[in-house]
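Colleague: Sharing a model prediction with you, sequence too.
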Amino acid sequence: MSDPYGAFVRTPAGKFLASRAGLPRPPRLRRYVADEEWAFDPAAVLGLRGAVWVDDVSGWLREGGFAVERDAERLSTLVLDATGLRSVTDLGELLTVSASFRRTRGRVLVVAAVPGELDDPEARAVQQGVDGFVRSLAKEARGGTTVNLVRVAAGARTSLRSAVEFFCSTRSAFVDGQPIVVGPGVPVPSRERPVAAVTGAAQGIGAAIADVLARTGHHVVCVDIAASGEKLAAVANRVKGSTLHLDVTAETAPRTLATHLADRFDGADVVVHNAGITRDRSFVNVDEEAWNSVLAVNLLAPVRLTTELLDHPGALAPGARFVYLSSINGLAGAKGQTNYATSKAGLVGLVQALAEPLAQRGLAANAVAPGFIETPMTAAMPPVPRELGRRIASLQQGGLPIDVAEAVGWLAQRDAAGIDGQVLRVCGQSLLGA
Ligand code: NAD
């Protein structure tokens, strides 16, 4: 999938013309490459008043190969601990990091408290204020630098480490301007070869998710419709996984998947509900077929499969994690997509409803909401909306399937145990519904 404008403005002539005309100049994003050193410049960890995580975060970054030097001339990573800010006067401390921000090309991560855990109205307002700060800073960051926010609930040390490692890495290249809450989940030790089931794995984002989960040691059960035949087999071969031909909307699909996972694999450690379809048309032209087919694949199937997997003895391994593919169009609404947006917003409701009951069983459910991703689906869009979709994000470009897959791979990790009921946008800070 190509972005001809993005490629042109990276040539010397394109760069010159774009800067003269004030046109967008999408930066080249640095993505994960196995064994490549990311910590090319040092990281700095700055604690604002009342900070508590500076030593922990510095230690985790050092263990990850970073040099941690607060006064380095150039920084690849900047972590700010704002968890202790309680008064409006305290917020002024944010100004003290501006010189460090200016020297950072890479990742900025702000760590803050969960406002709902604070009783004092001013303290709560101040911590909520950090949200606006982060979102605005993300819009000002240059050169592919991302700025994200992690809110740490009481007792969430393990999940905080996992979040720091993700947001300070190349794996989060297209996650920008996003908040996430990490809670105190206790990770269940991983099995030697954990098992992940991915629906819609024959192509696009699902195939990329299979790649990432295989890279992180999973046996991937690649699930897709029978018509996906050779494409599905090719993905399964590539990831040394297995295939399961299954129409997720079939009456028998929940039982078939649950039995397969229980009998062949002693349960799944990760289930990714990725299969999805669109039938775009304006609301007045939506007929029952266009409505029902989209709702059946995108929402009813995940609801039914999840219910069966939770009920079926042995279908899930201890500590299993569900990830659902929502969409920013579900969060923001999209012209011509009443059916699709309804289904994708519905998935947000599903993970929110599942969060607590699943946490009680040591399980978790989260959603990833991709923005404009370069896939055959977006390549088929008319040129003007397609170009607009790419450029209305802070990173001024579409993401790649691998960007979504990296986020799913992180949420699937055992040490992200305290992340539950969350929706993570992977959208380059698209303005849609932001
Ligand atoms: P895609 O069309 O390339 O792939 C979807 C896969 O799902 C296909 O392999 C298809 O065969 C499979 N599938 C469809 N119906 C099925 C069924 N009934 N049973 C089993 N498998 C079925 O889509 P994609 O672009 O890779 O998107 C993957 C997911 O991400 C979807 O849920 C989509 O809504 C979501 N998403 C995509 C984008 C984007 O820009 N591409 C943006 C936001 C959200």
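Modeller: Nice, I can see it. It should be emphasised that the depicted structure is a prediction, and the values quoted were computed from it without experimental measurement.
Colleague: All the strands of the stretch 251-400 of the chain, residue numbers only.
Modeller: 268-273, 316-325, 364-370 (DSSP state E, counting those that start in this stretch).
Colleague: name the helices or strands packed onto the helix or strand bottoming out on mean pLDDT in the chain?
Modeller: Within the chain, confidence by mean pLDDT, DSSP states H and E is lowest for helix 12-21 among all helices and strands, at a mean of 79. Where contact means 3 or more C-beta pairs under 8 Å, 6 or more residues apart in numbering; DSSP states H and E, helix 12-21 is not packed against any helix or strand. For glycine as for every other residue, the C-beta is placed from the backbone atoms N, C-alpha and C.
Colleague: how about the strands of the stretch 251-400 of the chain in JSON lines, adding mean neighbour count?
Modeller: JSON lines is the format used below for those (neighbours: other C-beta atoms under 10 Å):
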{"stretch": "strand 268-273", "mean neighbour count": "28"}
{"stretch": "strand 316-325", "mean neighbour count": "24"}
{"stretch": "strand 364-370", "mean neighbour count": "27"}
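Colleague: Generate a markdown table for those strands, with mean pLDDT and distance to the ligand as supplementary columns.
Modeller: Compiled in a markdown table, the strands of the stretch 251-400 of the chain are given as follows (pLDDT from 0 to 100; distance: least, C-beta to the nearest ligand atom, whole Å):
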| stretch | mean pLDDT | distance to the ligand |
| --- | --- | --- |
| strand 268-273 | 98 | 8 |
| strand 316-325 | 97 | 4 |
| strand 364-370 | 98 | 4 |
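Colleague: Would you mind listing what in the stretch 201-350 of the chain touches the ligand?
Modeller: Counting by C-beta under 6 Å from any ligand atom, the residues of the stretch 201-350 of the chain lying close to the ligand are 202-206, 224-225, 228, 247-249, 274-277, 297, 325, 327.
Colleague: Make a PyMOL selection of whichever of those turn out to be buried.
Modeller: A single PyMOL command selects the buried members of those (16 or more other C-beta atoms under 10 Å):
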select buried, resi 202+203+204+205+206+224+225+228+247+248+249+274+275+276+297+325+327
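Colleague: that older thread, got JSON lines for the strands of the stretch 251-400 of the chain, with distance to Glu308 too?
Modeller: Listed next are the strands of the stretch 251-400 of the chain as JSON lines, based on distance: least, C-beta to C-beta, whole Å:
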{"stretch": "strand 268-273", "distance to Glu308": "11"}
{"stretch": "strand 316-325", "distance to Glu308": "11"}
{"stretch": "strand 364-370", "distance to Glu308": "15"}
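Colleague: Could you work out which of the ones you listed reaches nearest to Pro357?
Modeller: Pro357 sits nearest to strand 364-370 of all these, at 9.4 Å, using C-beta to C-beta.
Colleague: Run me through the strand neighbours of that closest one, direction for each.
Modeller: Here strand 364-370 has these sheet partners by DSSP bridges: strand 316-325 (parallel), strand 423-426 (parallel).
Colleague: just how off-centre is that strand within its chain?
Modeller: How far strand 364-370 lies from its chain's middle: 7 Å, per C-alpha atoms, centre = their mean, to the nearest Å.
Colleague: just stretch 16-31 next, same as before
Modeller: Here the centre of stretch 16-31 is set off from its chain's centre by 25 Å, with C-alpha atoms, centre = their mean.
Colleague: CA atoms of it as PDB?
Modeller: Provided in PDB are the C-alpha atoms of stretch 16-31 (Å, rounded to 0.1, in the frame of the first residue of the first chain):
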ATOM      1  CA  PHE A  16      11.700  21.900  -0.900                       C
ATOM      2  CA  LEU A  17       8.400  22.300  -2.600                       C
ATOM      3  CA  ALA A  18       6.400  21.200   0.400                       C
ATOM      4  CA  SER A  19       8.200  23.500   2.800                       C
ATOM      5  CA  ARG A  20       7.800  26.400   0.400                       C
ATOM      6  CA  ALA A  21       4.100  25.800   0.000                       C
ATOM      7  CA  GLY A  22       3.500  25.000   3.700                       C
ATOM      8  CA  LEU A  23       2.200  21.500   2.800                       C
ATOM      9  CA  PRO A  24       2.300  18.500   5.200                       C
ATOM     10  CA  ARG A  25       5.700  16.700   5.500                       C
ATOM     11  CA  PRO A  26       4.900  13.400   7.100                       C
ATOM     12  CA  PRO A  27       7.900  12.100   9.000                       C
ATOM     13  CA  ARG A  28       9.500   8.700   8.400                       C
ATOM     14  CA  LEU A  29       8.400   6.500  11.400                       C
ATOM     15  CA  ARG A  30      10.900   4.300  13.000                       C
ATOM     16  CA  ARG A  31       9.300   0.900  13.500                       C
END
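Colleague: what's the next secondary structure element after the least confident helix or strand of the chain?
Modeller: On the C-terminal side of helix 12-21, the closest following helix or strand by DSSP states H and E is strand 43-47.
Colleague: what angle do the lengthiest helix in the chain and strand 316-325 make?
Modeller: Secondary structure assigned by DSSP state H gives helix 338-360 as the longest helix of the chain. Between helix 338-360 and strand 316-325, the angle comes out at 150 degrees (axes from the mean of the first three to the mean of the last three C-alpha atoms, to 10 degrees).
Colleague: Domains in this structure, by residue range?
Modeller: 1-30, 32-182, 195-426 (automatic domain parsing).
Colleague: gap between the two ends of the longest one?
Modeller: Across its full length, domain 195-426 reaches 24 Å between end residues, using C-alpha to C-alpha, to the nearest Å.
Colleague: now it, how far from the centre of its chain.
Modeller: For domain 195-426, the distance to the chain centre is 12 Å (C-alpha atoms, centre = their mean).
Colleague: The stretch 1-150 of the chain: helices as residue ranges?
Modeller: Here the stretch 1-150 of the chain has its helices, by DSSP state H, counting those that start in this stretch, at 4-8, 12-21, 54-63, 88-91, 98-102, 121-140.
Colleague: Of these, which is nearest Leu160?
Modeller: Distance to Leu160, taken as C-beta to C-beta, is lowest for helix 54-63 among the helices of the stretch 1-150 of the chain, at 7.6 Å.
Colleague: Against which helices or strands is that closest one packed?
Modeller: On a contact count with 3+ C-beta pairs under 8 Å, 6+ apart, helix 54-63 meets strand 43-47, strand 75-81, helix 157-167.
Colleague: Other residues contacting the longest one?
Modeller: If I follow you right, that is helix 157-167. With C-beta atoms under 8 Å, 6 or more residues apart in numbering as the test, helix 157-167 has contacts from 53, 56-57, 60-61, 64, 79, 107, 109, 111, 146, 148, 150, 152, 172, 175, 180, 182-187, 410, 413, 415-419.
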